[in-house]
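Colleague: Provide a 3D model corresponding to the input given below.
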Amino acid sequence: MPLPVESSPLHIYFLFVSFLFGTIVGSFCNVCLCRWPAGESVIKPRSRCPKCNKEIAWYDNIPLVSWVALGAKCRNCGLPIRWRYPAVEALTGCMFLAVYMRFGMTIASPIYMVLGAALIVVTFQDFDDWTIPNEITLPGIPLGLALALIAMFFGKNWGLRVNDPIDAILGIVLGGGILYLLDCFTVAILKKPGMGFGDVKLLAMLGAFIGWKGVLGTLMIASFLGSGVGIAMIAWFRWRGAAQPAPPADEPGENGEEVTLQGHYLPFGPYLALGGLIFLFFGPELIAWYLTTLQGGSKIEILHM
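Modeller: Residues are numbered from 1 along each chain as shown. Next up is the predicted model:
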């Protein structure tokens, strides 16, 4: 179904509903971020304050609104509520809004809304404790493959990036295989810790949803973004170390530690997630631009993914 005219009331209504529903899903994402690392159920018990463990009333659990109304503090214990809670809710709302604006009134929209929310959880959990939840990647791989299989028979107009199960299978194998081999090489040859198997499963899941071309595009984007952040961090730590006078030999540095690059690593999952989202939204345009650039600016016609 084509997207409603931008100025129509129906279009504005769906924009509002997409953002609103996204914030609600973002509230559930916060529950997942709190409970999955602790091995707890996301269904029971009801939402509670992580500091005083008191149950949160429904009127104190309205996405974004309650955090502002309570002054970013728990009503029961008065302790601060982390900024991450409204940030995840707002980010998920914006994600749902962006998906609707990109894919419109198609079956692809709710599918990619859920995928976007899952990648938000992956991003925040990987930054928090360097793990990627199996609760997302393990069911996500067969789900992406199943959607490609169904779309091959019934979903030609669903707006999905992958309508061929062969493309999904190649995406899974290539996505998981590249990082797995890279991890083995790093451990065996360079004698350094590898990326971790969570990244392997994450890229395999992305491959199921965006195909083998999406895997290559995601890796290129993620590597570029990760390298940029890594270089910035190296420059920051070196500047910080040079700016601080060296402490006497018998005194510790700032906070009892020497300012050093050793031990400062970056989780790769967030960059894979962002790279996958960028390719999900702009994959055909990126491929067309790359092929055109490769041919020295000559116009190349490519098939839509």
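Colleague: which element follows the host helix or strand of Ile234 toward the C-terminus?
Modeller: Per DSSP states H and E: Ile234 is located in helix 197-243. Once the chain leaves helix 197-243, the next helix or strand it forms, by DSSP H and E, is helix 269-294.
Colleague: packing partners for that following helix?
Modeller: When contacts are defined as 3 or more CB pairs under 8 Å, 6 or more residues apart in numbering; DSSP states H and E, helix 269-294 packs onto helix 108-129, helix 197-243. Quick note: C-beta positions are derived from backbone N, CA and C, even for glycine.
Colleague: Return the most buried member of those helices.
Modeller: helix 108-129 (a mean of 21; mean count of other CB atoms under 10 Å).
Colleague: Dump it to PDB, restricted to CA.
Modeller: Provided in PDB are the C-alpha atoms of helix 108-129 (Å, rounded to 0.1, in the frame of the first residue of the first chain):
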ATOM      1  CA  ALA A 108       7.800  -4.700   6.200                       C
ATOM      2  CA  SER A 109       7.100  -1.800   8.600                       C
ATOM      3  CA  PRO A 110       6.100  -3.800  11.800                       C
ATOM      4  CA  ILE A 111       8.800  -6.400  11.000                       C
ATOM      5  CA  TYR A 112      11.500  -3.800  10.800                       C
ATOM      6  CA  MET A 113      10.200  -1.900  13.800                       C
ATOM      7  CA  VAL A 114      10.700  -5.000  15.900                       C
ATOM      8  CA  LEU A 115      14.100  -5.600  14.400                       C
ATOM      9  CA  GLY A 116      15.100  -2.000  15.100                       C
ATOM     10  CA  ALA A 117      13.900  -2.400  18.800                       C
ATOM     11  CA  ALA A 118      15.900  -5.600  19.100                       C
ATOM     12  CA  LEU A 119      19.100  -3.900  17.800                       C
ATOM     13  CA  ILE A 120      18.600  -1.100  20.300                       C
ATOM     14  CA  VAL A 121      18.600  -3.700  23.100                       C
ATOM     15  CA  VAL A 122      21.700  -5.300  21.600                       C
ATOM     16  CA  THR A 123      23.500  -1.900  21.500                       C
ATOM     17  CA  PHE A 124      22.800  -0.900  25.100                       C
ATOM     18  CA  GLN A 125      23.500  -4.300  26.500                       C
ATOM     19  CA  ASP A 126      26.800  -4.700  24.700                       C
ATOM     20  CA  PHE A 127      27.900  -1.300  25.900                       C
ATOM     21  CA  ASP A 128      26.800  -2.200  29.400                       C
ATOM     22  CA  ASP A 129      28.400  -5.600  29.900                       C
END
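Colleague: tell me the average confidence for it?
Modeller: Averaged across helix 108-129, pLDDT comes to 96.
Colleague: what angle sits between the helix or strand immediately after it in the chain and helix 197-243?
Modeller: For helix 108-129, the following helix or strand on the C-terminal side (DSSP H and E) is helix 134-154. Orientation of helix 134-154 against helix 197-243 (axes from the mean of the first three to the mean of the last three CA atoms, to 10 degrees) gives an angle of 130 degrees.
Colleague: how far is helix 134-154 from where the chain is centred?
Modeller: Mean C-alpha position of helix 134-154 versus that of the full chain (CA atoms, centre = their mean, to the nearest Å) differs by 18 Å.
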